[in-house]
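Asks: 3D, please:
(one chain, ligands or ions: 1)
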Amino acid sequence: MNELFARLSAAVIEGSKDRCEELTRQLLAEGAGAKEVLDRGLVPGMDVVGVRFRDNIIFVPEVLISARAMKASLAILEPILAAANVKETGVVVIGTVKGDIHDIGKNIVSMMLRGAGFKVVDLGVDVRVEKFIDVIRREGAHILGMSALLTTTMGYMRTVIDRLKEEGIAARTMVGGAPVSAAFATAVGADAYAKNASEAVEKAKALLGIRATERS
Ligand code: B1M
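Replies: Residues are numbered from 1 along each chain as shown. Modelled structure (predicted):
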């Protein structure tokens, strides 16, 4: 199966949507778990894309094609990750902050939270503070999750957290995304930081006082 995971990573790097779908289905049929497909196939592929992009070996169009290929696989994994069949434990409003259109990581976090029994209201990308606040109020959300992939947009998390405090909104806050760190989360006053989607689930449960074993 190792070879199939490697081929799936290669398909993400090459941006081959058809091969991504085919290999994802094949891995699942051979008994791989959805999370394993994510962690051993898709994410390592996108990591290579990120390095090549950073080093100017590839450019935005190629990255978009890889992102489209990865999303095709995620669409196959989503119902499996979300089918944990557990009672809803809390409401999470989530979005990528204003100015930022990266959504692959945020979508994975949403899927995993749904799979863990949370109701997730995903506001998409480029989300302004007013929108976050409207939906948190409307949904009675327990947690606001914010994602940022750019050093130029992560600062907006502080704007949102400050506004929540000014408006007396009690929702707890969780932040994440490649440039975000635990130290940054503390500095902007977030209640939690998660480095990946599995950790986001653990932290969301902890914020609501749910012991890890209760929901898994
Ligand atoms: Co952009 N991009 N990008 N990009 N892109 C990065 C982020 C970059 C690091 C690439 C690089 O230089 N190596 C760089 C940022 C540099 C910086 O800020 N320091 C960059 C840049 C510069 C840009 C543009 C400015 C390029 C340009 O136009 N010149 C532009 C900005 C557009 C904008 O947002 N306004 C841009 C555009 C794009 C595309 C549109 C082409 C595409 C996005 C497609 C899409 O998302 N629909 C894209 C992509 C794909 C990337 C890279 C290659 C991959 C991101 C990704 O999907 N990773 C990225 C390089 C990289 O990060 N290695 C890069 C896979 C994903 C599973 O991981 O998103 O980290 P990640 O999510 C993880 C964790 O971070 C965490 O859990 C997830 C799952 O484990 N997590 C959370 C995420 N959110 C969380 C929230 C939580 C908790 C955990 O709680 C709520």
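Asks: quick check: domain ranges of the chain?
Replies: According to automatic domain parsing, the chain comprises the domains 2-83, 91-207.
Asks: Lowest average pLDDT across those domains?
Replies: Note on these: lowest mean pLDDT is at domain 2-83, with a mean of 92.
Asks: anything in it near the ligand?
Replies: Yes - among the residues of domain 2-83, 43, 46, 47, 49, 50, 53, 54, 60, 63, 64, 67 lie within reach of the ligand under CB under 6 Å from any ligand atom. All C-beta spots, glycine's among them, are computed from the backbone N, C-alpha and C.
Asks: Just the residues you listed: which are in helices?
Replies: Using DSSP state H, 43, 46, 47, 49, 50, 53, 54, 60, 63, 64, 67 are the members of these that sit in helices.
Asks: Max pairwise distance over the residues you listed: which two?
Replies: Across these, no pair lies farther apart than 43 and 60, at 20.2 Å, counting by CB to CB.
Asks: For these two, indicate the residue with more neighbours.
Replies: Legend: neighbour count by other CB atoms under 10 Å for residue 43 and residue 60, higher for residue 43 (18 against 8).
Asks: May I have the residues that are in contact with that one?
Replies: Listed by CB atoms under 8 Å, 6 or more residues apart in numbering, residue 43 has no contact partners.
Asks: can you rerun that using 10 Å?
Replies: The neighbours of residue 43, taking CB atoms under 10 Å, 6 or more residues apart in numbering as the test, are 9, 12, 37, 70, 104, 105, 108, 196, 197.
Asks: and the angle for whatever helix or strand the fourth one lives in with helix 43-54?
Replies: By that I understand residue 70. Using DSSP states H and E, residue 70 sits in helix 60-81. Orientation check (axes from the mean of the first three to the mean of the last three CA atoms, to 10 degrees): helix 60-81 against helix 43-54 gives 160 degrees.
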